[in-house]
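[1] after the sequence you'll find the predicted model.
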Amino acid sequence: MAKVKSVFTCQECGYQTAKWLGKCPDCNQWNSFSEEEVTKASKLAQKVSTVLGGKVSKPKNISEIENDKVQRYTTGIKEFDRVMGGGVTYGSLTLIGGEPGIGKSTILMEVCGKLLTNYSNEKILYVSGEESESQVADRSKRLGVDSPHLYIYNETNWQKVLEQVKELKPKFLVLDSIQTTYSSEVDSAVGTLSQIREVTYEVMNYAKAYGLTVFLIGHVTKEGQIAGPKILEHMVDTVIYFEGDQLGQYRMLRVMKNRFGNTNEVGIFEMQEKGLVEVSNPSQYFLEQSLPGSYGRSITCILEGSRALFIEMQALVVENKFAVGRRTTQGLDTNRVALLVAVIDKYFGIPLSYNDIYVNVVGGMKLSTRESDLSVMASLLSSYFMKPLPSDTVFLGEVGLTGEVRSVPMMELRLREIAQMNYKRVITAKRVAKDYEGKFKIEIIGVTKARDLKDLLFKE
């Protein structure tokens, strides 16, 4: 019998210690330690050997290894298939996380319905540890999923779930959620790091050994990260975050890790009465409610994976009534906006920093790259001079501390998309204008210094 020892594990970061501590020395959280019993690694190694059939692996020369063709199941939901890299990969583990009530169970139930329609001979086992069987059945019928090959099982014990998997032999398994599922082989509370790690490990080994395609639903912490150890995200093949305002109607499916496709892809859905409906033209969603003729707004083009999206940047410059100017941003780093304001102060000869400044990215998008610098500057100047910018112009470029305008990656893809959307002009770096002059049916205006925007757009 394997020896058992007790350790105290931080439920926030996974830090382990032999004794209880009031404050975690790794993540500085208070009262986050929980006592757990863990077994030696010999038991885990024996379990892996049993699952894999006792096979002994040997190193191979690279020429001896054959490339496996990735087999995919297409759902027909284009936004979901795009995020997954072209479809659901056979025998893969996909982890979907998001805030409570955001629509994780809804999107997976719709995916189950599409899979049962496209592959009518396959079975799906939907395991719910949070809702009763009748609640899950009511949701499936409301979404139009009423197939005899969809099996609903209310259980939280992984060993019992595994028995049903071996008996039914489904092709797809949905585990809702991984935090409520526990293994009877681990003597710790449900939802602890040891339980999450153990259950995920057993699910992964079985899925890889028998070609079971698994979807895991994960809870998130108050910081927005998937609850549990970070190793949970390392073990699965695909990690997807479901984002969006609960009170709003739009949802974004963002992939953070994908072993079978591109990362940082985004799928956009609209929450309606009958469920989630994919948005075929996301740029129209971001731009359709713009007020024509208003100042303080500009258009930029960002990349989400392999997709080009047009985003409206809004800025509001208000005379400061107090000593210190206020800086408020939504969707952008506040420090980045402060940097651009300082560049305008220094090289434009405009005392912009004495004003209250508000910058917003329309649609709830969060930008971490710098291709929108020129667009932010144009919006700030437009609001300051109270003059609208041309609605057929796209601003694209990074601005440095010396006031220079730099090119951004994947310009050819962006320019092609800009031309297809019937925009007339692009204001970007001088180098881009020189490299792509005459290649697209749009006017490409190159600027070397950011201060050229003032003469170009706001010349008296």
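    Yep, that arrived. Residues are numbered from 1 along each chain as shown.

[2] in the stretch 351-460 of the chain, what spans have low per-residue confidence?
    Judged against pLDDT under 70, the low-scoring parts of the stretch 351-460 of the chain cover residues 460.

[3] actually the chain, not the one I typed
    1-4, 38-57, 222-224, 227-229, 245-248, 282-290, 460.

[4] quick one, helices of the protein?
    For the chain, the helices defined by DSSP state H cover 41-51, 78-84, 104-118, 133-142, 158-168, 193-210, 231-235, 282-287, 334-347, 373-385, 411-420, 430-435, 452-457.

[5] of all those, which one comes closest to His149?
    Evaluated over the helices of the chain, closeness to His149 peaks at helix 104-118, with 5.6 Å, by Cβ to Cβ. C-beta coordinates here come from the backbone N, C-alpha and C atoms, glycine included.

[6] hmm, who's touching the closest one?
    73-77, 80, 88, 96-98, 122, 124, 126, 131, 136, 139-140, 143-145, 147, 149-150, 172, 174, 176, 215, 217, 242, 251, 253, 269, 275-276 (Cβ atoms under 8 Å, 6 or more residues apart in numbering).

[7] remind me, longest strand of this structure?
    Identified as the longest strand of the chain according to DSSP state E is strand 307-318.

[8] partners of it, with directions?
    Note on strand 307-318: by DSSP bridges, its sheet partners are strand 297-304 (antiparallel), strand 356-361 (antiparallel).

[9] keeping just the C-alphas, turn the last one into PDB.
    Coordinates of each C-alpha in strand 356-361 appear next as PDB, following Å, rounded to 0.1, in the frame of the first residue of the first chain:
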ATOM      1  CA  ASP A 356      -9.000  65.300 -18.500                       C
ATOM      2  CA  ILE A 357      -8.600  62.500 -21.100                       C
ATOM      3  CA  TYR A 358     -11.000  59.500 -21.600                       C
ATOM      4  CA  VAL A 359     -10.300  56.800 -24.200                       C
ATOM      5  CA  ASN A 360     -12.600  53.900 -25.100                       C
ATOM      6  CA  VAL A 361     -12.400  50.900 -27.400                       C
END
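
[10] got a list of what Ser32 touches?
    Residues counted as contacts of Ser32 (Cβ under 8 Å, 6+ apart) are 10-12, 24.

[11] select only the buried ones of these in PyMOL?
    In PyMOL, a selection of the buried entries from the contacts of Ser32 looks like this (16 or more other Cβ atoms under 10 Å):
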select buried, resi 10+11+12+24
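
[12] so Met421 sits against Leu309, correct?
    No. Using Cβ atoms under 8 Å, Met421 makes no contact with Leu309, being 10.6 Å away.

[13] before we move on, the earlier item: same list (the helices of the chain) but as a markdown table, adding distance to Lys60.
    Listed next are the helices of the chain as a markdown table, based on distance: least, Cβ to Cβ, whole Å:
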| stretch | distance to Lys60 |
| --- | --- |
| helix 41-51 | 20 |
| helix 78-84 | 29 |
| helix 104-118 | 34 |
| helix 133-142 | 45 |
| helix 158-168 | 31 |
| helix 193-210 | 18 |
| helix 231-235 | 23 |
| helix 282-287 | 44 |
| helix 334-347 | 48 |
| helix 373-385 | 49 |
| helix 411-420 | 38 |
| helix 430-435 | 45 |
| helix 452-457 | 58 |
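
[14] wait, which of those is closest to Phe322?
    Nearest of those (Cβ to Cβ): helix 334-347, 16.8 Å.

[15] buried set for that closest one?
    Under 16+ other Cβ under 10 Å, the buried positions of helix 334-347 are 336-337, 340-341, 343-344, 347.

[16] ok, back up a step: so which of the strands paired with strand 307-318 is the most surrounded?
    strand 297-304 (a mean of 24; mean count of other Cβ atoms under 10 Å).

[17] what's the closest non-adjacent residue to Pro388?
    Spatially, and ignoring its direct neighbours in sequence, Pro388 is nearest to Tyr295 (4.5 Å; Cβ to Cβ, 6 or more residues apart in numbering).

[18] measure how buried Asp146 is and give me the count.
    Residues lying near Asp146 (other Cβ atoms under 10 Å) number 11.

[19] no further queries at this time; thank you.
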